[in-house]
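**Q** my questions are about this predicted structure, shown below with the sequence.
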Amino acid sequence: MAQNKKEPVNRILFIFDASQSMLGKWQSGLKIDIAKKLLNNMVDSLKHIKNLEIGLRVYGHRSPITNQDCKDTKLEIDFYPADIFSEKMKVKLENINARGTTPIGESLLEGANDLQSYQEDRNIIILITDGKEECDIDPCTVSLELQKKGVILKPFVIGVGDNQNDWKTTLGCVGRFFDAQKEEDFANILRMVVSHILDKTTTQVNLLNQQKLPIETDINLTFYNNITGKAKYNYVHKMNIYGNPDTMIIDPVICYNIVAHTTPPVYIDSVIIRPGEHNTITLKTPQGKLMVKMNSRTKYNYIIRKTGTDTTLNVQHINTTEEYLIGNYEIELLSTPRYKKSVHIGQDSTSIVKVPTPGLANIQLPSKGFGGVYFLRRENWEQIWHFRNDKKQYKLTLLPGRYKVVYRSAYAKEYIYTNEKEWDMLEGKNEYIKIY
């Protein structure tokens, strides 16, 4: 019975730029005043959102620009439910003045500390700034390391004002960047970013057969965080009652590497989920089945490899059926001697390989000694068993074919006392081989 997991809290940390450059003119006033007003409006609209907590960190507001204070960053409001935070932020922002430098990297580091106690939740940073890093810490490196550690998801960065520099060069590597050149852009982008975080986003995975129809199913899917490499979701694909791939809720803030656990697996990397839309992800997973049939009491295994490779894809029991991607394979039965065969697996069909029933060879030696049993494969004798001077009788289960015993007693004085005896092993028969 599936267990209901507790829904993680959506936790947003706004990092707000109050450096001196925010005193610059924007369309209807100073950048900092307009940003305060629009941020207040946005947060005010979130007051009734459940399972949402918000915090505010500000930088550049405590020391004048002449001090070049790269530690000028502070968590001004700790995390509170949205309705409580909204009122607190109005009061706090009213008393914030733009004064100092731009320590973005330091603010991201401190922001990670703010979120350190909430690692089981969905922690997102929204950076609002009008400038580039003015201190020695690279914000891009900081952001990537924090994402790899799983402290935060990929940040959102909103560039405020008509910046003449290349925004994407300076801040695009920090997170998902949005360029708000106009006041109305800022308001729209802020709404869009918050909707990315809060809105449910649906996704379906189409698993295509050879005819490119999305009818393959019952395949395990893993969604890996593209940055951390950690598995975010593990689902077994299912068709709904209408015969369509089931709809999943997938977090759009993360970029994914997806694996369909077929044999062999199918990979698709750097998948971006578009928020607020129904997303369709397509993987080609045409499958057929394979069975090796053998009338034997011994439960042999066999190895499956793709043709032309040495990598073992799977080890399967005889007389069982398993699914594989369509294509050409090599099988190697772990019998004595080894049985190898090429096989093609087609769409929606079962490829059956029939292996002859083995027989039992009872080999009786006059005394302990050295040598072994050989199998004639394509005109070459291949040794398949060794006599180790350990016993006089060997009972071997062997596939049908031509065999030979080569034996020399441990007490023999010279090599010329080596004996040989050939015989034909018939399917399902017993043979008694006595060496004198």
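**A** The structure has been received and is ready for your questions.
**Q** so how many other residues sit close to the residue nearest to Y300 when sequence neighbours are not counted?
**A** Using CB to CB, 6 or more residues apart in numbering and skipping the chain neighbours, the partner closest in space to Y300 is I318 (4.9 Å). The C-beta positions use only the backbone N, C-alpha and C, and glycine is treated the same way. When neighbours are defined as other CB atoms under 10 Å, I318 has 20 of them.
**Q** over to P245?
**A** Burial of P245, expressed as a neighbour count using other CB under 10 Å, amounts to 20.
**Q** same check, this time on K238
**A** A count of nearby residues for K238, using other CB under 10 Å, gives 11.
**Q** so who does it touch?
**A** Taking CB atoms under 8 Å, 6 or more residues apart in numbering as the definition of contact, the neighbours of K238 are T217, D218, P245, D246.
**Q** got the domain ranges for the chain?
**A** The record assigns the chain these domain ranges, following automatic domain parsing: 10-198, 202-284, 287-355, 359-434.
**Q** what's the separation between the closest residue in space to S19 that isn't next to it in sequence and R305?
**A** Of all residues not flanking S19 in the chain, G60 sits nearest, at 3.2 Å (CB to CB, 6+ apart). Between G60 and R305 the computed distance is 61 Å (CB to CB, to the nearest Å).
**Q** which SSE is the most centrally placed residue in the chain in?
**A** Residue closest to the average C-alpha location in the chain (CA atoms, centre = their mean): Y224, at 3.3 Å. Per DSSP states H and E: Y224 is located in strand 220-225.
**Q** show me what the next helix or strand after that strand is packed against.
**A** Note on strand 220-225: by DSSP H and E, the next helix or strand toward the C-terminus is strand 231-236. Helices and strands touching strand 231-236, as assessed by 3 or more CB pairs under 8 Å, 6 or more residues apart in numbering; DSSP states H and E, comprise strand 220-225.
**Q** just how off-centre is the strand it packs on within its chain?
**A** On the basis of CA atoms, centre = their mean, to the nearest Å, strand 220-225 sits 5 Å off its chain's mean C-alpha point.
**Q** pLDDT of that strand, averaged?
**A** For strand 220-225, mean pLDDT is 97.
**Q** what sits up against it?
**A** By CB under 8 Å, 6+ apart, the list of residues contacting strand 220-225 from outside reads 150, 205, 230-237, 250, 254-261.
**Q** flag the shaky bits of the chain, pLDDT-wise.
**A** Counting by pLDDT under 70, the chain shows low-confidence ranges at 1-5, 163-168.
**Q** hmm, the residue nearest to S19 is touching R99, no?
**A** Yes. If you go by CB atoms under 8 Å, G60 and R99 touch, sitting 6.5 Å apart.
**Q** for the strand holding Y224, buried residues please.
**A** Taking 16 or more other CB atoms under 10 Å as the neighbour-count basis, strand 220-225 is seen to contain the buried residues L221, T222, F223, Y224, N225.
**Q** from these, which is closest to M22?
**A** Distance to M22, by CB to CB, is smallest for N225 among the buried residues of strand 220-225, at 33.4 Å.
**Q** follow-up on the earlier one: just the buried ones out of the contacts of K238, please.
**A** Buried subset of the contacts of K238 (neighbour count, 16+ other CB under 10 Å): P245.
**Q** let me have the contacts of K238 in a markdown table, extended by distance to V373 and secondary structure.
**A** Below are these laid out as a markdown table (distance: CB to CB, whole Å; DSSP: H, G, I helix; E, B strand; the rest coil):
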| residue | distance to V373 | secondary structure |
| --- | --- | --- |
| T217 | 48 | coil |
| D218 | 45 | coil |
| P245 | 54 | strand |
| D246 | 55 | coil |
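**Q** mind naming the longest helix for the chain?
**A** helix 183-198 (DSSP state H).
**Q** what segments of the stretch 1-150 of the chain are strands?
**A** 10-17, 52-59, 73-81, 122-129 (DSSP state E, counting those that start in this stretch).
**Q** I'd like to know which elements the last one is packed against.
**A** Applying 3+ CB pairs under 8 Å, 6+ apart, one finds that strand 122-129 makes contact with strand 10-17, helix 104-115, strand 156-160, helix 183-198.
**Q** mind listing the strands the first one pairs with, and their directions?
**A** It stands for strand 10-17. Based on DSSP bridges, the strands next to strand 10-17 in the sheet, each with its direction, are strand 52-59 (parallel), strand 122-129 (parallel).
**Q** in CSV: those strands, plus mean neighbour count and distance to R388.
**A** Conversion of the strands paired with strand 10-17 to CSV gives the following (neighbours: other CB atoms under 10 Å; distance: least, CB to CB, whole Å):
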stretch, mean neighbour count, distance to R388
strand 52-59, 24, 71
strand 122-129, 25, 63
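**Q** got those strands as CSV, with distance to I272 columns?
**A** Putting the strands paired with strand 10-17 into CSV (distance: least, CB to CB, whole Å) gives the following:
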stretch, distance to I272
strand 52-59, 24
strand 122-129, 16
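**Q** out of the ones you listed, which gets nearest to L426?
**A** In terms of CB to CB, the element of the strands paired with strand 10-17 nearest to L426 is strand 122-129, at 68.2 Å.
**Q** list of residues touching that closest one?
**A** 8-17, 35, 39, 102, 104, 107-108, 111, 115, 151-153, 155-160, 171, 174-175, 193, 197, 251, 253.
**Q** next one: stretch 320-334
**A** Identification of contacts with stretch 320-334 by CB under 8 Å, 6+ apart yields 210, 262-264, 266, 285-292, 294, 300-307, 313-314, 316, 318, 338-347, 350, 353, 355.
**Q** quick one: which of the residues you listed sit in strands?
**A** The members of these that map onto strands under DSSP state E are 266, 287-292, 294, 301-306, 313-314, 316, 339-345, 350, 353, 355.
**Q** using CSV, write out the CA atom coordinates for stretch 13-31.
**A** Listed in CSV are the C-alpha atoms of stretch 13-31, where the atom choice follows Å, rounded to 0.1, in the frame of the first residue of the first chain:
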residue,chain,number,x,y,z
LEU,A,13,14.0,33.7,-0.1
PHE,A,14,14.0,37.1,-1.8
ILE,A,15,17.5,38.6,-2.0
PHE,A,16,16.9,42.3,-2.6
ASP,A,17,19.5,44.7,-4.0
ALA,A,18,19.7,47.9,-2.0
SER,A,19,23.2,49.0,-3.3
GLN,A,20,23.8,52.6,-4.3
SER,A,21,23.1,51.8,-8.0
MET,A,22,19.5,51.2,-7.1
LEU,A,23,19.2,55.0,-6.6
GLY,A,24,19.3,55.2,-10.4
LYS,A,25,16.3,56.6,-12.3
TRP,A,26,13.9,54.2,-13.9
GLN,A,27,10.8,55.1,-15.8
SER,A,28,8.6,56.7,-13.1
GLY,A,29,11.0,57.1,-10.3
LEU,A,30,14.0,55.5,-8.5
LYS,A,31,14.7,51.8,-9.2
